[in-house]
Structure formats: structure tokens, C-alpha cells
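S.K.: I would like the atomic coordinates for the input below:
(chains A and B)
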Amino acid sequence: MHSLTNLSLKTIVKKQVKWKIKLYISSLSSLIILQSIFGFLFFSSGSGSSGYGQQNLDLNFTIYSLDMHLFLSVFWAFISAIIFTTRAYRMDDLSVISSRTSSTIANTVIIMIYSLIAVFIMASTFYLQLLAISFLKNEPFIIDNLIFSPTLFMMCFSIICLFGAIGLLFGNCFKGPVFIKSLTSFFVMFAVFILIISPDSINLKGLIMLPNFMMSVCYLSVAAISFSLAIWIANKSEVSRT
Amino acid sequence: MNIIKCEELAKNYANHNALHNLTCAIESEKIIGIIGRNGAGKSTFLNILAGYIKPTSGSCSVFNKNPFNNIFTAANTILIDDRLSFSDYLTLEEILTMGADFYPNWQGELAYRLLDYVGLPLTSKHQQLSKGQMATFNLIYGLVSRCALTILDEPMNGMDEAIRTDFYRAILKEYIAFPRTFLIASHHLAEMESILEEILLIDDGSVLAHAPVEDFKQQLIVLNGPSDVLATLLADKVIYAQKDMAGMTLAVVEASSLVISEDLLRTNGITKSPLTSSDVCMYLTRKKGRDIDAFFD
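M.R.: Numbers count the residues shown, from 1 in each chain, chains lettered A, B, ... in the order given. Next comes the predicted model:
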């Protein structure tokens, strides 16, 4: 008998990442389109505004911040990660050497790389928007924190990554063994129930008050837990072709 | 050397049991036909071997390892069926490049020549192919990957007869060039019989027969003779099929159960004739009392 092929998990994951980066590129173009549309829609209104008037004095502030762009990127990361776990994508994985574990690890790496690219896309769209405003609107401009600080960059990356990880975990939960599906459904229903009857019981004020760096560490820790859980579930999952 | 060993394998779904007590051992470097009626459990069995699904109970080992979600099994096994899919963004040429990147024994040159032979343009997308073309491409992909265990589940579905004939030969040629284990599940047993070494017959989720093709064919025989003589002769025998007409009876029985000399049969006016593999499969898996003629009578 011919010698058997012995490829390590690391080699397979590397190859899968190499191909997935090319094949999933459309999700990045969808982010660029989304960011551009929102940049255009909120071109004149910004992410917030306030006004003050007294006698002949009338002051109007329009605030342009990354918030809206970040919100979009987070939403995009969550949806994209869920899409990566859908049937069509899972079936494509079966056409090459792969296991559910290797595919999920590859998806994890893709989400992390794409989160990083998403921060650049987000920042670029924001700066382009600022540039357009400064040229097209004849209004005074007060610049606060123009330079994207490393801690802010890390925080944006960690929060996009976190929602990508939650999306991946969520998608894998519904493709996993029956007890995990049931547990996830129960958890989602319980969370919705708590949110409806007592919205104040979920208090994230303490987390928001943390410095950017600490917040990033928290987000990345939760993302790491979500990724690990997603890989663990994938390892237990059968191939569902329906 | 056995590359596949299954013992008391069972797979239960919510509403039915796909496999129960399936036990078999498959040697390496053989072309084996996995035969059975629709719903017999062939695909479930093949999916367990490919590591896609986990048996409910029993044990299964492929290359001496549990195949479920195992990267070693995945690296040495390819399952080609009609659900094999590739990304919408890749052309056939790019799919072949991707295959070459993953499979160490990949035969790129052979793939290009086979695609040219069947007239599939390299610039086409997999989803744009017709059912037969898709099956042809999938089979080429499976052949050129040269995995130690190549599982083909209904690989010829949708192909025209000429292509089917060509590809049975292609499988044989590839097997000679690079001996490996082929498991081919198909309903076209008569067509592929010539390339098979063994037949594994699955019925109702368990193995009904596993034997070399010649031995398999000789399991059942047809006896044709006077009804009264045959009635006495077959009184305590299992009869798989029987037709009575004008005082003559035609009966399909198990060859091993017939301990009677050829001379005695001839003296009693009974003739013995062999069956084809397809007929043997049909009679072995036919449910007792089910006769389509009787249904319409």
C-alpha cells in the first residue's frame, strides 16, 4: 500500500485560511459598501448634535465620531460570522481536506484578520467623511483626537472581534449536537425574557467606565472564550447536509 | 490488511434507524461495490467512514483510527457524492489549483486532460454545470486526488451512458496506476460489475452479504423443472422467488442449501442456471411477500 498522507492540523488550517481569505473577500466589500452608504447618509447630521440659542446668538454643534461606523462594523462582524457557519460555506469546506475543527479554527483566524481590516476600513471611511465635510461645508471645525490612538485602535478591533466570535459561536451552536442547540435556544429565550421584564438588571456601566485598554482586554477575553467554545462545539458536531 | 473495521455499528435518527449491527472488514487496495436498495443505509455507512457522522453505537476504524472529525482520516479519504460543492467564486481551473494545494498526491495534468476529454471548459463555474457535467467533474476531482480511500457515492448519477462507460474504465485505469481502496455505492451494478472485486450488500442497515463478485453471484441459482418434482425437492428450502406456469416451476434458491447431484437434477428434468449479480441483489433484498405482479392482479 502507498504511504498514507500525514498532514498536521496546523498545515491544514494554514491552507484553509489561505483559500478562505480569498473566497470570503465579498464580506469585506459588503462592509465597504455599508460604511460608504452610512457615511453618505450621516454626512450632514453626524452621530449626534446639540444646539443653543439666546437673543441673536444661535449655536449648533454637530458631532462626528466613530460610534456609528463602529456600530456598523460590529453588526457586520456578527452577521458575517453567522454566514460563515451556514450550510453553503460548510459544504464548501468538505471539498478539501478538513475537519469541523480545522474549519472552525480557520474561520476564527479569518474573523480576526477581517476584524483588523474592518478597523482600517472603518477609520478610512471616517477620515474620508471628515475630509469631505471640511471641503464641502463652510463651517468651523473643532478637531478632537484626530489621530487614531493605539488603544482606541485596539478597542475597535477587540469589539469587532468579540461580535465576530459571538456570531461564530451562535452559528456553531445551531449546527451542533441537539443538547447544545436546546441549551442555546433556552439561553436566548431566557436572555430575551430578562431584557423584557427587567432591562435595568443588565448593567454595563462599570465596564464602559474602564479605560480603553482594560476594556479591550475584557472584550478580547470574552472573544477568546467564544472562539474556544465554537471550536469545541465544532469538534463535537456531525456534518449536517440539510 | 484491513483498512476499515466496523463492529456492531448502529446509527439512529429521530424517526428511524439507518444502521443496526453493521459489521464488516474491508481490505486495502480493492474496488468494492456498496450495493443496497434505496434507504438501506449505504450513504449513512459511507458518511461514517468519511468521518462526517458519528455512529450511535458500535465501533468503526479507518486506517486504525476513529474517523469521526479526524484530520488523518480526512487527509487520506475523499467522499464524492452529488452534494459535493465548491465556492461560487471559483472556476473549474481554480478548483483544481485548490485541490492541488491540499492533496499531496494530486494529478493536475491528468485532471486537465480528463476535463478536455469530456469537454468541460476550465473557465466554467461549478454551479453553472449541468447535473451530468457536475457529476463528471466531481468524479474527476475524486480520481485525481488519489486518496488512499476513495469513496464514490452514486458517482455516475446524471451522466450519459457513454461517459459512464468511459469513467468505469477511468476508475480501473487509475486503480492500476495508483492502487488504493475504492468504495463505490451505485444502483448500476450490472454496468460496474466488471471492475469490482467484491460486493458488500447492505439491507435494512446491516450487511447481508460480503463476498468476491464470483462467489456472490453463485449464492443463488435458478431451478426450472416440473412443479411436482420441485415442490418435493424444495419442501424445506428457502425460496427467494417462484413462478408456476403450465406444470413447470421456476424457483430461485440458495445454492448452498441444495445438496443434490447434477445427474439427479438432470434425471428429474430440472435445469440449473446462474443469476447475474443484480438479480442476486434483487432477490436477497426483496421483502417477503412483496410481488409487484401480485399487487396489480
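S.K.: for the residue in the stretch 51-200 of chain B positioned nearest to chain A, which non-adjacent residue is spatially closest?
M.R.: Taking Cβ to the nearest Cβ, chain A has its nearest neighbour within the stretch 51-200 of chain B at residue B:52, 3.8 Å off. Any C-beta I mention is one placed from the backbone N, CA and C, and that applies to glycine too. Distances taken as Cβ to Cβ, 6 or more residues apart in numbering or on different chains put residue A:239 closest to residue B:52, at 3.8 Å, once the chain neighbours are dropped.
S.K.: the one you found reaches residue B:48, doesn't it?
M.R.: No. With contact defined as Cβ atoms under 8 Å, residue A:239 does not reach residue B:48; the gap is 10.7 Å.
S.K.: show me the strands in the stretch 1-150 of chain B, by range?
M.R.: Assigned by DSSP state E, counting those that start in this stretch, the stretch 1-150 of chain B shows strands spanning B:2-12, B:17-27, B:31-35, B:57-62, B:77-80, B:149-153.
S.K.: name the residues of the longest helix seen in chain A that are buried.
M.R.: For chain A, the longest helix by residue count, based on DSSP state H, is helix A:100-136. Buried residues in helix A:100-136, counted by 16 or more other Cβ atoms under 10 Å in any protein chain shown: A:100-112, A:114-115, A:117-119, A:121-123, A:125-126, A:129, A:133.
S.K.: and chain B, which of the residues you listed reach it?
M.R.: A:100-102 (Cβ under 8 Å from any Cβ of the partner chain).
S.K.: tell me the secondary structure of whichever residue of chain A sits closest to chain B, please.
M.R.: Closest approach between chain A and chain B, counting by Cβ to the nearest Cβ: residue A:239, at 3.8 Å. Three-state call for residue A:239 (DSSP: H, G, I helix; E, B strand; the rest coil): coil.
S.K.: ok, residue A:114 to residue A:183 distance?
M.R.: Using Cβ to Cβ, to the nearest Å, residue A:114 is found at 28 Å from residue A:183.
S.K.: same question, residue B:13
M.R.: Per Cβ to Cβ, residue B:13 is found 21 Å from residue A:183.
S.K.: go on, residue A:122?
M.R.: From residue A:122 across to residue A:183, the span is 34 Å (Cβ to Cβ).
S.K.: how about residue A:3?
M.R.: For residue A:3, the distance to residue A:183 (Cβ to Cβ) stands at 43 Å.
S.K.: of these two, which one has the most company?
M.R.: Neighbour count, other Cβ atoms under 10 Å in any protein chain shown: between residue A:3 and residue A:183, residue A:183 has more, with 13 against 8.
S.K.: point me to the helix or strand that includes the closest residue to residue B:273 other than its chain neighbours.
M.R.: In space, and not counting its chain neighbours, residue B:273 is closest to residue B:222: 4.8 Å by Cβ to Cβ, 6+ apart. For residue B:222, the element it lies in under DSSP states H and E is strand B:220-226.
S.K.: hmm, back to that, closest to residue B:86 out of the strands of the stretch 1-150 of chain B?
M.R.: Residue B:86 sits nearest to strand B:77-80 of all the strands of the stretch 1-150 of chain B, at 12.3 Å, using Cβ to Cβ.
S.K.: the closest one - what's its average pLDDT?
M.R.: Across strand B:77-80, pLDDT averages out at 96.
S.K.: ok, residue A:226 - contacts?
M.R.: A:162, A:165-166, A:168-169 (Cβ atoms under 8 Å, 6 or more residues apart in numbering or on different chains).
S.K.: re the thing from before, tell me the gap between the strand holding residue B:222 and the middle of its chain.
M.R.: 27 Å (Cα atoms, centre = their mean, to the nearest Å).
S.K.: check which residues of that strand are buried.
M.R.: In strand B:220-226, counting by 16+ other Cβ under 10 Å, buried: B:220-223, B:225.
S.K.: so what does it touch, helix or strand wise?
M.R.: strand B:248-254, strand B:271-274, helix B:277-285 (3 or more Cβ pairs under 8 Å, 6 or more residues apart in numbering or on different chains; DSSP states H and E).
S.K.: about what we covered before: residue A:239 and residue B:48: which is more packed in?
M.R.: Between residue A:239 and residue B:48, counted using other Cβ under 10 Å, the more crowded position is residue B:48 (25 against 20).
S.K.: pretty sure that one contacts residue B:11?
M.R.: Yes. Shown here, residue B:48 and residue B:11 form a contact pair, counting by Cβ under 8 Å, at 6.7 Å.
S.K.: got any residues that touch both of these two?
M.R.: Common neighbours of residue B:48 and residue B:11 (Cβ under 8 Å, 6+ apart) are B:19, B:55.
S.K.: what's the separation between the residue nearest to residue B:41 when sequence neighbours are not counted and residue B:13?
M.R.: Closest residue to residue B:41 apart from its sequence neighbours, by Cβ to Cβ, 6+ apart: residue B:205 at 4.1 Å. Separation of residue B:205 from residue B:13 (Cβ to Cβ): 11 Å.
S.K.: the two: who's more crowded?
M.R.: Ranked by neighbour count (other Cβ under 10 Å), residue B:205 and residue B:13 place residue B:205 first, with 23 against 10.
S.K.: now do the helices in the stretch 101-250 of chain B.
M.R.: B:108-118, B:131-145, B:161-177, B:189-192, B:213-217, B:227-233 (DSSP state H, counting those that start in this stretch).
S.K.: pipe those helices into JSON lines and attach distance to residue B:125 per row.
M.R.: JSON lines is the format used below for those (distance: least, Cβ to Cβ, whole Å):
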{"stretch": "helix B:108-118", "distance to residue B:125": "14"}
{"stretch": "helix B:131-145", "distance to residue B:125": "11"}
{"stretch": "helix B:161-177", "distance to residue B:125": "20"}
{"stretch": "helix B:189-192", "distance to residue B:125": "30"}
{"stretch": "helix B:213-217", "distance to residue B:125": "39"}
{"stretch": "helix B:227-233", "distance to residue B:125": "61"}
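S.K.: so which of those helices is the most packed in?
M.R.: helix B:131-145 (a mean of 22; mean count of other Cβ atoms under 10 Å in any protein chain shown).
S.K.: for that helix, packing partners?
M.R.: The contact analysis (3+ Cβ pairs under 8 Å, 6+ apart) places helix B:131-145 against strand B:77-80, helix B:92-102, helix B:108-118, strand B:149-153, helix B:161-177.
S.K.: got these as CSV, with distance to chain A columns?
M.R.: Output for these, formatted as CSV (distance: least, Cβ to the nearest Cβ, whole Å):
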stretch, distance to chain A
strand B:77-80, 8
helix B:92-102, 4
helix B:108-118, 14
strand B:149-153, 9
helix B:161-177, 11
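S.K.: would you turn the ones you listed into JSON lines with distance to residue A:142?
M.R.: Listed next are the helices and strands packed on helix B:131-145 as JSON lines, based on distance: least, Cβ to Cβ, whole Å:
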{"stretch": "strand B:77-80", "distance to residue A:142": "63"}
{"stretch": "helix B:92-102", "distance to residue A:142": "51"}
{"stretch": "helix B:108-118", "distance to residue A:142": "61"}
{"stretch": "strand B:149-153", "distance to residue A:142": "67"}
{"stretch": "helix B:161-177", "distance to residue A:142": "72"}
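S.K.: ok, which of these comes nearest residue B:249?
M.R.: Nearest of the helices and strands packed on helix B:131-145 to residue B:249, taken as Cβ to Cβ: helix B:161-177 at 36.2 Å.
S.K.: and that closest one, how far out from the chain middle?
M.R.: 15 Å.
S.K.: that's a helix at residue A:221, yeah?
M.R.: Yes. According to three-state DSSP, residue A:221 belongs to a helix.
S.K.: distance-wise, check it relative to residue A:155.
M.R.: Taking Cβ to Cβ as the measure, residue A:221 falls 13 Å from residue A:155.
S.K.: the more surrounded of those two?
M.R.: residue A:155 (22 against 12).
S.K.: list the buried residues of the host helix or strand of the more buried one.
M.R.: Element membership of residue A:155 [criterion: DSSP H and E] is helix A:150-173. By neighbour count on 16+ other Cβ under 10 Å, the buried set for helix A:150-173 is A:152-173.
S.K.: cool, stretch B:3-18 as well?
M.R.: B:3-4, B:6, B:9-11, B:18.
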